[in-house]
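[1] sharing a model prediction with you, sequence too.
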Amino acid sequence: MATHTLTDAKYQRLVSDVQKMLTEGRAEAERLVKEQALVTYWCIGKRLVDDGLTGSENYGQAILEDLADEVDIDLRTIQRCIAFFKEYKAVPKNRNLTWTHVKFLLSINDPDKRSFYENKVSANEWTVRDLKKAIKAGGYSGKKAKKPRLKRPSGSTYIYPARIERVLDADTAIFLLDVGFEVWKEQRIRFAGLDAAPISESEGKQAYRFVRDRLNRAKTIIVKTNRTDIYGRYIGHVFYSYDNMDKDDVFRKGRYLNDELVRKDLARKD
């Protein structure tokens, strides 16, 4: 098999790509371990509830204590598994939520308040420490404010399949756009309809990580762009899917990244 000689530039690109694969692969493996932990603890809780072993009676409590010794797990964890199953109808589909988050959220009796902070963990990638600080600061008012929304654009023109090249900050990224005839054009896109904090600020970093995570995991990305702003920048609407989908389907019913940033309070409506 013939060996191809790489230029310095191509070799550096190879190194960069492999490093990126390793970083993303390790991060995904860690995420899957944490995700499986939630599934496991929820299933344990379900099994114990189905067997009527909630610990509310002396017999149930004794069984749980014996079980804890047999499987080498502390009794408090078993009790939390039961509470987890009772409070959540299904395992939460929240990529940032860990068992440590759940243990702390279970101490919140108000379901609406718990849901409020759970959503904050998802949107802002809070650590447990961040979560505790936010609860202590009293960020939950009990009022369900109407979330701002961006209107989903219509019209089937100037829609391009895309690949993410680099996320610059929360509202700007460089894409490779498929302009047809097997031609890909690199284009810097400013996200339409929103304004995010700069990446030098903590809010901007959180929003940047959100955009980077979504676009790096997306299997299909669509960009709709047909104009520049007063600064000469291309303005675009970004749609994506975690599955391989037809571009028209992604445009019509896929995830609308611009709107997600606004709804999750990661950017303000422009």
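    Here it is on my side, so go on.
[2] against Asp265, how distant is Cys81?
    Distance from Cys81 to Asp265, counting by CB to CB, to the nearest Å: 32 Å. Bear in mind the C-beta positions are built from the backbone N, C-alpha and C, glycine included.
[3] need the contact list for the residue lying closest to Arg149 once chain neighbours are set aside.
    Leaving aside its sequence neighbours, Arg149 sits nearest to Asp259 (CB to CB, 6 or more residues apart in numbering; 6.1 Å). Shown in contact with Asp259 (CB atoms under 8 Å, 6 or more residues apart in numbering): Arg149, Leu150, Arg152.
[4] show me the residue at the heart of this protein, geometrically.
    A centroid search over the chain (CA atoms, centre = their mean) returns Arg95, at 5.2 Å, as the residue closest to the centre.
[5] and the residue nearest to Arg149, how far from Ser141?
    Asp259 is 24 Å from Ser141, by CB to CB.
[6] so Phe175 sits against Ile221, correct?
    Yes. Checked against CB atoms under 8 Å, the pair Phe175 and Ile221 is within contact range at 7.3 Å.
[7] what sits in contact with each of the two?
    Ala162, Arg163, Ile164.
[8] thought Ala173 was touching the second one, still the case?
    This means Arg163. No. Contact criterion CB under 8 Å: Arg163 and Ala173 do not qualify, at 10.9 Å.
[9] more neighbours: which of those two?
    Ala173 (26 against 14; other CB atoms under 10 Å).
[10] what about stretch 65-85, start to end distance?
    19 Å (CA to CA, to the nearest Å).
[11] rewinding a little: which one's more surrounded, Cys81 and Asp265?
    Cys81 (24 against 16).
[12] nice, that's everything, thank you.
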